[in-house]
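> next comes the sequence, and after it the predicted model I'd like to discuss.
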Amino acid sequence: MSDNSRVRAIILTTQRSGSTFLVECLRSHPDVQCAGEILNGQPDDPIAAYRGPFKQAVKMLRILRSGAWRPANRMEEYFSGGSAKVRCFKAMYNQLQRPFALTYLQQQEDLRVIHLRRRNTLKVQVSTLLMPKRKKLQAMGPTPTIWIKVDPERAIERMRQAQARYDHFERAFARHARLQVHYEELFDGEHLNAETGRRICDFLGVAQHPMKSRLTKLNPESLRDMVTNYDELATAVSRTEFADLLE
């Protein structure tokens, strides 16, 4: 496809925000090719993350093999490949801290940015704490409930850091076309919420098309069903600017 008609886009996000679900949904659209974390060495077709004892070694090997250690080259190669109208990949905040990665994207004036976040940053913190306790980070069916104790002060500190990171990247791409998408408006069972799908299709300039994923939500909806010291956590959060996130 010619560069004049190609739409280049990224899903800008951080962990536990529904990004893998969104990648799979976009891949189900006939006019969109969407990759996962190519800056972490993933190939153009997303693969499951390795969670074994050699996780860091495997990641470094993938980065070396894929050429992701030169992020500008890897992204340019990705954007110039494929045949679909839209070529998109997932860019995590921490990956854009590497030299030249953010600079390259900021220089692409035609880049479209889907900025994905989870409004409930308290649930992000709990979900992040649960990650090491699970063998898989995504689910395609019901999963057993896992309980955890949460340090209220640390959770509040990390919620403020999460808000600051989001604001930082909003400013970083202030000159680009951006679409804010929220985790809370993604899921309709295995399908992408129809209104969210409509907004994304309009933003990317492709025909409306229903989109779906094999994935489902991993954790319970209620924090009371995950946090052993929920009352202590809720009392602390209720005294902060995040009080409206409590159930």
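Arrived safely, thanks for sending. Residues are numbered from 1 along each chain as shown.

> contacting residues around the least confident helix or strand in the chain by mean pLDDT?
Sorting the helices and strands of the chain by mean pLDDT, DSSP states H and E puts helix 55-66 at the bottom, at a mean of 82. Residues outside helix 55-66 that contact it (C-beta atoms under 8 Å, 6 or more residues apart in numbering): 38, 40-43, 50, 52, 68-69, 74. Just so you know, the C-beta spots here come from the backbone N, C-alpha and C atoms, and that holds for glycine as well.

> that one: which residues count as buried?
59, 62-63, 66 (16 or more other C-beta atoms under 10 Å).

> out of these, which comes closest to Glu247?
Closest approach to Glu247 among these (C-beta to C-beta): Lys59, at 35.8 Å.

> quick one: which of the contacts of helix 55-66 is nearest Tyr166?
Checking the contacts of helix 55-66 against Tyr166 by C-beta to C-beta gives Asn40 as the nearest, at 20.4 Å.

> since we're on that closest one, how many residues are nearby?
Look at Asn40: counted by other C-beta atoms under 10 Å, it has 17 neighbours.

> correct me, but it touches Gln95?
Yes: applying C-beta atoms under 8 Å, one finds Asn40 in contact with Gln95, separated by 6.3 Å.

> quick revisit: okay if I get the contacts of helix 55-66 as JSON lines plus distance to Gln163 and secondary structure?
What follows is those, written out as JSON lines (distance: C-beta to C-beta, whole Å; DSSP: H, G, I helix; E, B strand; the rest coil):
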{"residue": "Ile38", "distance to Gln163": "27", "secondary structure": "helix"}
{"residue": "Asn40", "distance to Gln163": "24", "secondary structure": "helix"}
{"residue": "Gly41", "distance to Gln163": "29", "secondary structure": "coil"}
{"residue": "Gln42", "distance to Gln163": "28", "secondary structure": "coil"}
{"residue": "Pro43", "distance to Gln163": "33", "secondary structure": "coil"}
{"residue": "Tyr50", "distance to Gln163": "31", "secondary structure": "coil"}
{"residue": "Gly52", "distance to Gln163": "33", "secondary structure": "coil"}
{"residue": "Ala68", "distance to Gln163": "28", "secondary structure": "coil"}
{"residue": "Trp69", "distance to Gln163": "31", "secondary structure": "coil"}
{"residue": "Arg74", "distance to Gln163": "30", "secondary structure": "helix"}
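
> quick check, nearest of these to Ala9?
Checking those one by one against Ala9 (C-beta to C-beta), the nearest turns out to be Ile38, at 13.1 Å.

> so what's that closest one up against?
Counting by C-beta under 8 Å, 6+ apart, Ile38 touches 44, 66, 68, 74-75, 78, 89-90.

> and the contacts of helix 55-66 as CSV, adding distance to His176 and pLDDT?
Below are these laid out as CSV (distance: C-beta to C-beta, whole Å; pLDDT from 0 to 100):
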residue, distance to His176, pLDDT
Ile38, 19, 96
Asn40, 22, 92
Gly41, 25, 92
Gln42, 23, 90
Pro43, 26, 88
Tyr50, 32, 59
Gly52, 37, 68
Ala68, 22, 86
Trp69, 25, 88
Arg74, 20, 95
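
> which among those end up buried?
Buried among the contacts of helix 55-66 (16+ other C-beta under 10 Å): 38, 40-42, 68, 74.

> closest one to Arg239 out of those residues, please.
Asn40 (37.6 Å).

> list the contacts of that closest one.
Taking C-beta under 8 Å, 6+ apart, we find Asn40 in contact with 59, 62-63, 68, 92, 95.
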